[in-house]
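*Asks:* Whatever this is, show me its structure:
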Amino acid sequence: MPLNRRRLTLALAALAAIQLPAQAQDWPGGKPIRIVVPYTPGGSSDIIARAIATPLGEALKTNVIVENKPGANGNTGTDLVAKSPADGLTLLLCDVGALAITGSVYKKLPFDPGRDLRGVTMLAYSPHLLVVHPSVPANSLQELVALSKTTKLNFAVTAIGSAPHLAGIAVEKATQARWEYIPYKGGAQAIGDTVAGQTQVLMNGMLATLPHVQSGKLKVLGVSKASRVPLLAQVPTIAEQGVKGFESGTWQGVLVPAGTPAPVLAKLSAELTRIIRSPEVRERLVSQGAEVHTMSPTEFAGFFERERRNWAAVVQKGGVSLD
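*Replies:* The predicted structure is shown next:
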């Protein structure tokens, strides 16, 4: 390479190195940020999005708007973000486990989660609660299984192929229970119909479901965690009730379009981590049954790949497939 060209190349590289931190320093430059939740209002992801929106806006000196974009089992909102400009102004806050499942359940998708999206940080985890309408004459998983063999039970699921749906299939197969799955467009609708008695059984994230248990509108029969949770210390885990090793839950995290500049990604990750760990936000979530979990973008990528492999095996065993 000629000397002048080499000097020019080095100069451009040095200039880029100087400009990258400045890019993060100037971002978002007063431009509004939107957090897209690909589900209906009232679910776990929506609750967390609204908990972080105001403090994130204050930290970045801009407006942060939460937009619910439900449809196609969460794929409508996810596709919107995947195809948005990679400028850090459009965020996806969703159930990361459900996103990892999507590629195994759908034969065709308008986006590739691993290729088109990049994880910023995980935010929270909450185990699934197995709940029933109070009129259901069962007070344990064993009693529910026995009842399912003599009585028609409708099992509400947030979406076909969602983590709660696959968790329900796993319990069904392990216990030989019998119930019919009724799909919804999000956790809030599934909870609403179970509270109303239109469906009798529900598996859903603790964050959105616990308030209805505490109010007596739903009856909890089991927790899908390896150990009991302090807020429901009297409720046995599903594993304790005969489904050995059973554990599932809802992981909420934030993603951005692939190609988002590394300095912007790093700044977003740092601010979101600080906010979710702050006493006021952490205590609010913990009081509702969620555990704060944060990850760097690199850790997030590794977690997502493990979740994708694990759920692919469950999907194959359960025979779940959608066009």
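
*Asks:* can you give me the strands for the chain?
*Replies:* 33-37, 64-68, 90-95, 117-132, 154-157, 180-183, 201-205, 219-223, 249-257, 291-292 (DSSP state E).

*Asks:* Most tightly packed of those?
*Replies:* Each of the strands of the chain was scored by mean neighbour count; the highest is strand 201-205, a mean of 29, by mean count of other CB atoms under 10 Å. From N, CA and C alone the C-beta is placed, and that goes for glycine too.

*Asks:* coming back round to it: can you lay out the strands of the chain as CSV showing mean pLDDT?
*Replies:* Formatted as CSV, the strands of the chain follow (pLDDT from 0 to 100):
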stretch, mean pLDDT
strand 33-37, 98
strand 64-68, 98
strand 90-95, 96
strand 117-132, 96
strand 154-157, 96
strand 180-183, 94
strand 201-205, 95
strand 219-223, 98
strand 249-257, 95
strand 291-292, 93
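
*Asks:* Tabulate the ones you listed in JSON lines, adding columns for distance to residue 166.
*Replies:* Output for the strands of the chain, formatted as JSON lines (distance: least, CB to CB, whole Å):
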{"stretch": "strand 33-37", "distance to residue 166": "21"}
{"stretch": "strand 64-68", "distance to residue 166": "23"}
{"stretch": "strand 90-95", "distance to residue 166": "12"}
{"stretch": "strand 117-132", "distance to residue 166": "10"}
{"stretch": "strand 154-157", "distance to residue 166": "9"}
{"stretch": "strand 180-183", "distance to residue 166": "11"}
{"stretch": "strand 201-205", "distance to residue 166": "9"}
{"stretch": "strand 219-223", "distance to residue 166": "16"}
{"stretch": "strand 249-257", "distance to residue 166": "12"}
{"stretch": "strand 291-292", "distance to residue 166": "21"}
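
*Asks:* Show me the one of those strands that comes nearest residue 243.
*Replies:* strand 219-223 (8.6 Å; CB to CB).

*Asks:* The closest one to strand 249-257, inter-axis angle?
*Replies:* 80 degrees (axes from the mean of the first three to the mean of the last three CA atoms, to 10 degrees).

*Asks:* Can you tell me the closest non-neighbouring residue to residue 277?
*Replies:* residue 292 (6.1 Å; CB to CB, 6 or more residues apart in numbering).

*Asks:* Show me what the one you found bridges to in the sheet.
*Replies:* Legend: beta-bridge partners of residue 292 under DSSP bridges are residue 124.

*Asks:* ok so, going back, can you check which of the strands of the chain gets nearest to residue 306?
*Replies:* The closest of the strands of the chain to residue 306 is strand 249-257. By CB to CB, the value is 11.3 Å.

*Asks:* what lines up beside the closest one in the sheet?
*Replies:* Here, using DSSP bridges, strand 249-257 pairs with strand 90-95 (antiparallel), strand 117-132 (antiparallel).

*Asks:* Same list (those) but as JSON lines, adding distance to residue 171.
*Replies:* As requested, the strands paired with strand 249-257 are exported to JSON lines (distance: least, CB to CB, whole Å):
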{"stretch": "strand 90-95", "distance to residue 171": "19"}
{"stretch": "strand 117-132", "distance to residue 171": "7"}
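
*Asks:* For residue 281, which of those is the nearest?
*Replies:* Closest among the strands paired with strand 249-257, using CB to CB: strand 117-132, at 9.4 Å.

*Asks:* From the chain's centroid, how far away is the closest one?
*Replies:* 4 Å (CA atoms, centre = their mean, to the nearest Å).

*Asks:* tell me the angle of it relative to strand 201-205?
*Replies:* Using the same axes, to 10 degrees: strand 117-132 against strand 201-205 is 140 degrees.

*Asks:* Skipping adjacent residues, who's closest to the most centrally placed residue in the chain in space?
*Replies:* Geometric centre of the chain, nearest residue: residue 95, 1.3 Å, by CA atoms, centre = their mean. Spatial nearest neighbour of residue 95, excluding adjacent residues (CB to CB, 6+ apart): residue 250 at 5.3 Å.

*Asks:* From residue 265, how far out is residue 101?
*Replies:* Counting by CB to CB, to the nearest Å, the separation of residue 101 from residue 265 is 24 Å.

*Asks:* neighbour count winner among these two?
*Replies:* residue 101 (28 against 20; other CB atoms under 10 Å).

*Asks:* What segments of the stretch 151-300 of the chain are helices?
*Replies:* 163-175, 187-195, 206-214, 262-277, 279-286, 297-318 (DSSP state H, counting those that start in this stretch).

*Asks:* picking that back up, could you double-check that the residue nearest to residue 277 lies in contact with residue 280?
*Replies:* No - look at residue 292 against residue 280 with CB atoms under 8 Å: they stay out of range, at 11.9 Å.

*Asks:* Tell me how the chain divides into domains.
*Replies:* 3-125+249-318, 127-232 (automatic domain parsing).

*Asks:* circling back: columns distance to residue 115 on top of the helices of the stretch 151-300 of the chain, output as TSV?
*Replies:* Formatted as TSV, the helices of the stretch 151-300 of the chain follow (distance: least, CB to CB, whole Å):
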stretch	distance to residue 115
helix 163-175	22
helix 187-195	27
helix 206-214	29
helix 262-277	16
helix 279-286	31
helix 297-318	12
